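1. Below are the sequence and a predicted model for it; my questions follow.
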Amino acid sequence: MINIKRIQKFEFWPFWIFYIPAYLNWLRLSIKEGSLIYFTNVNPLMNNSGALNVSKFSYLKKLPTHWVPRLCLIDVFYSKEQIEKKVAEMNLSYPFIAKPDNGERGKGVRLVNSINELFTQIHQHPYKDWLLQVFSDQPNEAGILFYRFPNEKHGYVSSITLKSFCVIKGNGNATFRDLVLRNLRISKRWREIKNKHETIWDNVIPLNGEIQIEPIGSHNLGTTFYDGYHLKSNALNDLINSWVEHLPGFYYGRFDIKYNTWEKLIEGKDFSIIEVNGVNSEPTHIYQPDYSIRKAYQDIFSHMEIIRKISRQNRQLGVQSKPLKYYLKEFFQTVKRHCK
């Protein structure tokens with residue numbers, strides 16, 4: 001059944017449909033730069049500059065350990081015994097986050113509560129390597145997009161996305177099932193949610209009763225994104241620049257973080273960097289519910305132009321893009337994996 005309300009809001013459109021104008025703009029920029037994959041030299045730190053097939057573990061381990069929730073890498077071919085041994089070695093305790101090491105857009109990310117949940121999770125998605133990461137219980141999450149031109153010493157924050165986790169609120173009359181099916185953000189995931197909350201599926205949720213659906217800040221999992229650009233400051237710029245000093249060869253990308261309060265974050269306290277994304281990073285503030293589609297495309301195009309300029313400057317400094325045949329090989333391997 002087609003949900004007209006979802007169709008009316010571009011934040012719910014399939015990614016490939018919403019990005020058609022961006023693909024056309026990419027072709028224009030490719031002609032301008034003389035390369036279809038000019039962007040692969042933007043972040044020498046990352047494979048393909050973070051466009052695809054990039055290991056999160058490879059750069060998270062470069063950051064100070066007290067900035068990053070404790071994590072380890074496992075292989076889908078590990079037995080339960082091998083996984084449990086690795087979990088014990090890293091002093092991880094359930095629940096913790098499991099995510100594909102080279103996944104994107106929140107695919108395959110889940111809070112797992114047991115070895116059986118974890119084992120099921122890693123075998124129902126087409127990824128070989130998985131990150132296991134301590135779940136950060138800091139209450140707030142944000143995505144901060146940053147860029148720096150190679151010929152400049154200081155970089156800039158260009159987008160701030162504040163995230164609100166999906167919570168079902170009771171009215172004293174409707175069942176949990178009804179509230180889920182009425183919710184625009186999660187109704188398509190009702191089967192998965194039912195499996196997770198089967199004991200209360202047909203229960204009436206009391207007035208003002210709240211049930212958090214996901215503690216993970218992914219738009220695909222029902223999290224609402226808001227534009228937080230009003231929080232931009234020189235102090236924030238300085239903070240992110242201090243993070244980037246630990247990532248030589250990083251010029252464009254988004255830090256996904258959790259934090260207690262914004263004030264403490266600006267002081268460089270009580271925060272966790274849970275992920276760093278590269279050249280495929282969107283200015284995710286555009287998915288704010290009332291954001292205009294015209295302004296969204298303007299913001300996407302302006303960030304594509306930043307990427308192009310960084311690429312050109314890096315090329316002038318001798319940093320070359322990946323040969324097309326090698327990029328295409330990885331691209332088709334990625335497509336094949338997702339089609340399984």
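-> Received it, and whenever you're ready, just let me know what you need.
2. The stretch 151-300 of the chain: strands as residue ranges?
-> 156-164, 167-169, 210-212, 224-227, 252-259, 271-277 (DSSP state E, counting those that start in this stretch).
3. Take those strands and write them to JSON lines, including mean neighbour count.
-> Quick note: C-beta positions are derived from backbone N, CA and C, even for glycine. Listed next are these as JSON lines, based on neighbours: other Cβ atoms under 10 Å:
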{"stretch": "strand 156-164", "mean neighbour count": "20"}
{"stretch": "strand 167-169", "mean neighbour count": "15"}
{"stretch": "strand 210-212", "mean neighbour count": "12"}
{"stretch": "strand 224-227", "mean neighbour count": "19"}
{"stretch": "strand 252-259", "mean neighbour count": "23"}
{"stretch": "strand 271-277", "mean neighbour count": "23"}
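4. JSON lines for those strands, including distance to residue 4 and mean pLDDT?
-> Output for the strands of the stretch 151-300 of the chain, formatted as JSON lines (distance: least, Cβ to Cβ, whole Å; pLDDT from 0 to 100):
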{"stretch": "strand 156-164", "distance to residue 4": "24", "mean pLDDT": "97"}
{"stretch": "strand 167-169", "distance to residue 4": "22", "mean pLDDT": "93"}
{"stretch": "strand 210-212", "distance to residue 4": "27", "mean pLDDT": "92"}
{"stretch": "strand 224-227", "distance to residue 4": "20", "mean pLDDT": "96"}
{"stretch": "strand 252-259", "distance to residue 4": "32", "mean pLDDT": "97"}
{"stretch": "strand 271-277", "distance to residue 4": "32", "mean pLDDT": "94"}
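5. For residue 319, find the nearest of those.
-> strand 252-259 (13.1 Å; Cβ to Cβ).
6. chain center to the closest one: distance?
-> 9 Å (Cα atoms, centre = their mean, to the nearest Å).
7. Starting from it, tell me which strands it pairs with and how they run.
-> Within its sheet, strand 252-259 is paired with strand 140-147 (antiparallel), strand 271-277 (antiparallel), according to DSSP bridges.
8. Name the next helix or strand downstream of the helix ranked longest in the chain, please.
-> For the chain, the longest helix by residue count, based on DSSP state H, is helix 293-316. Using DSSP states H and E, the helix or strand that directly follows helix 293-316 along the chain is helix 324-339.
9. Which strand or helix spans the residue nearest to residue 112 when sequence neighbours are not counted?
-> Excluding the flanking residues, the one nearest residue 112 by Cβ to Cβ, 6 or more residues apart in numbering is residue 118, at 4.4 Å. Counting by DSSP H and E, the element that carries residue 118 is helix 115-123.
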